[in-house]
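>>> sequence isn't available, so here's the structure alone:
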């Protein structure tokens, strides 16, 4: 922007129209400016602005420091709100720019103008959007997890267990004492193989539930509660398989997958809602569905991470690392899975192959 | 084209006009996005104000334009308060799930309250020709039209339908079943127009431009007509679709076998999924646009603003559908960068199909200074995508 003549602000004449306070009455008007005399306005840098109608009658007047000037936006008319609620509107954007001088709004409007430099803005914006999605969100989520009090996470486990017991009709375990002790022993063997810090950071506990509707399954809650269904212990009694699956669930806890997923989806909910709001009806659907499919891939990534963690932990605790594989081999044979891109978990066949690779990489 | 002649002689019919330009809006939009990203969302409040101002200031009728007066700070405070409230609610529900018994019913009252407060805020920060709008709808009425009436209709239709099924299947009295089923169908055809009209009247009749009130005096007929047209379109498309997919099935009767077996879907399966999508585009989407266009026209044509000002809307469903679909396609092809162009195109079309028939001079509106109210509610409707702005 060229340097402005400081005296250009005085002696301006800008034509437009004025509105009386709280009225839609429109009248042609001219805005004229002059230098303040002693004691006028906020000092010698101020400008005295008067509104005059076509008959030369003064409609309103005030020092510039008391007038609210709406920032420039593209080619919209400039608006000046006088302290007595008189509104002045003009298409003479250059005139008002001379009056206000270089403001933040002027600079912003300058960078928004249709110009080849917008290509650079586009590239930076596209990269920044990708960076936020790929790394920025993870940083925010990590910070949020660090700020979450451990007491709260413990409470979260209790609340979630109540919800599970209620909505999934979980009943007390039917497993006999010795069977429970056998699985709990495997669980403590695995915990013993875990670094002390990881054990102390969480409140690990293994619970059994009879859940005929859920079938053979196990899941982990953020605080360290691991739930295994009776159906699982009955269908996969092998020590190595139990160790593999429990190791996988411990992996979810240690790597804080549950909280990460919750915080990530909350964050995306606000981001999409507030930032990408004005996208129109069809586009919003695409955005939401796209986010859903992408978050599924995020979830599958977590499952693979937990598999790898499980394989390593099982091996360290002295169990056969291939135990986890048996479970997925069995699942693959049952063959009732949705297409992978529509699923929170990778395909069983795919997982078996991955686990083989993890086992090969074992020390 | 509907009748565009004025209510009283002398005054000219004024066409709405959107003067925004795609290139100019593109620059503002992309800078909004960039600043929003690098301030991790904080600038989004100012971006919203800039967007609203751009579209309002560029919308003209009779040489006068609209304006949006909320400040970025106001919007930001509203959003922060809303996020805090949301998180408290979310974590409370996670820790103490049984609180749901109390909290969920509370939402049924909280949501209409937030919508009404948001409509009030949005009206009060909007102006036309230097006069602010206002909204004076009550929360009680909002609860009735948004929750009680739809829920009541669901229950009534459900009971009638269920009883019809019982009579037909268990008692074998098909005459009674058919009669009840017919009554349920008629009830549905009456309920949708009644509820939609109640919602539109609640919105329009409680809006003011300064001290001048809007009135929507409308019969049920245009609502029933719009619904019949939309349903007729869906039925036509269903019959058409059934014929097409019938052909596909007879060509490959085992198309659904092997689906969801963990195997890669075959060409025939993908074809069926594609047909389901095409069906959505040829049956439901056009029906929605038919309904939307017909209702918008009817609402505008029957709305009067104190002072004898009338409105006309001549939106065509086909044109609306064409613009929406081609817009979506262009935005997808341009990876989102065509969005500003698409928005300007839609806005230009909508404005060009809207008319004002002034009953007297537009100089006569008078405003009042009113407290703008809460921006928290505005954050809620932004987030949920509930449209509470002026229906321009």
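Alright, I've got the coordinates. Owing to the predicted nature of the structure, the values given are computational and were not obtained by experimental measurement. Numbers count the residues shown, from 1 in each chain, chains lettered A, B, ... in the order given.
>>> now residue B:187. Nearest residue, chain neighbours left out?
residue B:157 (5.3 Å; C-beta to C-beta, 6 or more residues apart in numbering or on different chains). C-beta here means a position set from N, CA and C on the backbone, and glycine is covered the same way.
>>> the one you found touches residue B:191, doesn't it?
Yes: with contact defined as C-beta atoms under 8 Å, residue B:157 reaches residue B:191; the gap is 6.8 Å.
>>> how many neighbouring residues does the closest residue to residue A:263 other than its chain neighbours have?
Closest residue to residue A:263 apart from its sequence neighbours, by C-beta to C-beta, 6+ apart: residue A:141 at 4.5 Å. A count of nearby residues for residue A:141, using other C-beta atoms under 10 Å in any protein chain shown, gives 19.
>>> and residue B:356, that's in a strand?
Yes: under DSSP: H, G, I helix; E, B strand; the rest coil, residue B:356 sits within a strand.
>>> so how far is residue B:13 from it?
Distance, residue B:356 to residue B:13, by C-beta to C-beta, to the nearest Å: 7 Å.
>>> go on, residue B:107?
Applying C-beta to C-beta, the value for residue B:107 to residue B:13 is 45 Å.
>>> contacts only, for the residue nearest to residue A:263.
A:259-260, A:263-264, A:267 (C-beta atoms under 8 Å, 6 or more residues apart in numbering or on different chains).
>>> and the helices in the chain, which stretches?
Using chain A. Ranges of helices within chain A are A:93-100, A:104-112, A:117-131, A:137-147, A:150-167, A:177-192, A:196-201, A:230-235, A:239-254, A:257-274, A:281-316, A:323-334, A:348-360, based on DSSP state H.
>>> I was after chain B.
Along chain B, the stretches classed as helices by DSSP H are B:22-38, B:44-57, B:72-95, B:100-124, B:139-143, B:149-166, B:174-205, B:221-251, B:267-279, B:285-301, B:317-333, B:339-352, B:376-384.
>>> for the longest one, the distance to its chain's centre please.
The reference is to helix B:174-205. 20 Å (C-alpha atoms, centre = their mean, to the nearest Å).
>>> with the second one instead?
Averaging C-alpha coordinates over helix B:44-57 and over its chain gives two centres that are 20 Å apart (C-alpha atoms, centre = their mean).
>>> can you pull the buried residues of that helix?
If you call a residue buried by 16 or more other C-beta atoms under 10 Å in any protein chain shown, then helix B:44-57 has these buried ones: B:44-57.
>>> for the fourth one, same thing?
Of the residues in helix B:100-124, those buried under the neighbour-count criterion (16+ other C-beta under 10 Å) are B:111-124.
>>> is it possible to get CSV of those residues that adds distance to residue B:182 and pLDDT?
Output for the buried residues of helix B:100-124, formatted as CSV (distance: C-beta to C-beta, whole Å; pLDDT from 0 to 100):
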residue, distance to residue B:182, pLDDT
B:111, 34, 91
B:112, 33, 92
B:113, 39, 93
B:114, 39, 93
B:115, 35, 93
B:116, 37, 93
B:117, 42, 93
B:118, 40, 93
B:119, 38, 94
B:120, 43, 93
B:121, 45, 94
B:122, 43, 93
B:123, 43, 94
B:124, 47, 93
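>>> quick revisit: and the pLDDT at the residue nearest to residue B:187?
At residue B:157, the model reports a pLDDT of 87.
>>> could you do the one 10 residues further on as well?
Turning to residue B:167, the model gives it a pLDDT of 81.
>>> if I look at it, how far off is residue B:160?
Remark: distance between residue B:167 and residue B:160 (C-beta to C-beta) = 11 Å.
>>> repeat that for residue A:115.
For residue A:115 relative to residue B:160 (C-beta to C-beta), the value is 64 Å.
>>> same thing with residue A:327?
For residue A:327, the distance to residue B:160 - C-beta to C-beta - is 50 Å.
>>> higher neighbour count, these two?
For the pair residue A:327 and residue B:160, the greater number of neighbours falls to residue A:327 (25 against 19), based on other C-beta under 10 Å.
>>> might you report the residue contacts of the more buried one?
Here residue A:327 is in contact with A:236, A:241, A:244-245 (C-beta under 8 Å, 6+ apart).
>>> for residue A:211, phi and psi?
Backbone torsions of residue A:211, given as degrees, to the nearest 10, read phi -130, psi 80.
>>> give me the common contacts of residue B:167 and residue B:160.
In contact with both residue B:167 and residue B:160: residue B:180, using C-beta under 8 Å, 6+ apart.
>>> any stretches of the chain with poor pLDDT?
Answering for chain A, as no chain was given. A:1-6, A:275-287, A:335-342 (pLDDT under 70).
>>> could you do chain B instead?
B:1-10, B:245-270, B:389-392.
>>> residues in contact with the residue nearest to residue B:187?
Here residue B:157 is in contact with B:184, B:187-188, B:191 (C-beta under 8 Å, 6+ apart).
>>> quick one: neighbours of residue B:98, just the number.
Count around residue B:98 with other C-beta under 10 Å applied: 12.
>>> so residue A:19 makes contact with residue B:129?
Yes: between residue A:19 and residue B:129 there is a contact under C-beta under 8 Å: 7.1 Å.
>>> mutual contacts of those two, please.
residue A:26.
>>> what is the neighbour count of residue 307?
Unless you meant another one, I'm taking chain A. Neighbours of residue A:307 (other C-beta under 10 Å): 24.
>>> the chain in question should be chain B.
Neighbours of residue B:307 (other C-beta under 10 Å): 15.
>>> how much space separates it from residue A:123?
For residue B:307, the distance to residue A:123 - C-beta to C-beta - is 52 Å.
>>> same thing with residue B:186?
From residue B:186 to residue A:123 the distance is 59 Å (C-beta to C-beta).
>>> one more: residue B:177?
65 Å.
>>> those two - which one has more neighbours?
A count of neighbours by other C-beta under 10 Å puts residue B:177 above the other of residue B:177 and residue A:123, at 19 against 10.
>>> so what's the more buried one up against?
Here residue B:177 is in contact with B:164-165, B:167-168 (C-beta under 8 Å, 6+ apart).
>>> nearest to chain A among the residues you listed?
Chain A lies nearest to residue B:165 out of those, by C-beta to the nearest C-beta, at 27.3 Å.
>>> OK, contacts around that closest one?
Counted by C-beta under 8 Å, 6+ apart, residue B:165 has contacts residue B:177.
>>> from residue B:387, how far out is the closest residue to residue B:22 other than its chain neighbours?
Nearest-residue entry for residue B:22: residue B:341, 4.1 Å, with adjacent residues in sequence omitted and distances by C-beta to C-beta, 6+ apart. Distance, residue B:341 to residue B:387, using C-beta to C-beta: 22 Å.
>>> more crowded one of the two?
Higher neighbour count among residue B:341 and residue B:387: residue B:341, with 19 against 9, using other C-beta under 10 Å.
>>> give the contact list for the more buried one.
B:22, B:26, B:330.
>>> do that again at 10 Å, thanks
Listed by C-beta atoms under 10 Å, 6 or more residues apart in numbering or on different chains, the contact partners of residue B:341 are B:21-23, B:25-26, B:29, B:327, B:330-331, B:334.
>>> buried ones among those residues?
B:21-22, B:25-26, B:29, B:327, B:331.
>>> just give me the closest of those to chain A.
For these, the nearest to chain A is residue B:331 (5.8 Å; C-beta to the nearest C-beta).
>>> the closest one contacts residue B:337, doesn't it?
Yes: Residue B:331 is within contact range of residue B:337, at 8.2 Å (criterion: C-beta atoms under 10 Å).
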